[in-house]
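In: Next comes the sequence, and after it the predicted model I'd like to discuss.
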Amino acid sequence: MAQDKPRGRKFDRDAKRGARRSRRPKVCQFCSGELELTDYHDGRMLRRYISDTAKILPRRRTGVCAKHQRRLATTIKRARMLAIIPITEKLVRR
């Protein structure tokens, strides 16, 4: 009986992670100077960092460093208070 693939717990675990390992590490766009986090009036830029249900996306998804993630969360909350971006999105029931 020929084995097509090695069996074992380690192989299965590595196979699940394989796609994640091949990605490039994300670099904070604010640290590199591509974007500036200056004020809460730029709703278009802030929408990039909230999900479809208007939740703030985590660092592992956006690639922002810890320092700028804290400032980004504060900025999004200020924009929500002034109704520049929505607090919640209306969910459509099917």
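Out: Right, received. Where do you want to start?
In: got the contact list for the nearest residue to residue 31 once chain neighbours are set aside?
Out: Excluding the flanking residues, the one nearest residue 31 by Cβ to Cβ, 6 or more residues apart in numbering is residue 65, at 5.8 Å. For the C-beta atoms, the positions are set from N, CA and C on the backbone; glycine is no exception. The neighbours of residue 65, taking Cβ atoms under 8 Å, 6 or more residues apart in numbering as the test, are 28, 30, 31, 59.
In: Pull up the gap between the residue lying closest to the first one once chain neighbours are set aside and residue 29, please.
Out: In other words, residue 28. Once flanking residues are discounted, residue 28 sits nearest to residue 65: 4.0 Å by Cβ to Cβ, 6+ apart. Note on residue 65: its distance to residue 29, by Cβ to Cβ, to the nearest Å, is 10 Å.
In: joint contacts of the two?
Out: Common neighbours of residue 65 and residue 29 are not found (criterion: Cβ under 8 Å, 6+ apart).
In: dump the residue contacts of residue 47.
Out: Applying Cβ under 8 Å, 6+ apart, one finds that residue 47 lies in contact with residue 85.
In: And it, what's its pLDDT?
Out: Predicted confidence (pLDDT) for residue 47: 91.
In: got it, and residue 31?
Out: Residue 31 is assigned 90 on the pLDDT scale.
In: Pop out the phi and psi values for it.
Out: Phi and psi for residue 31, reported as degrees, to the nearest 10, are phi -70, psi -40.
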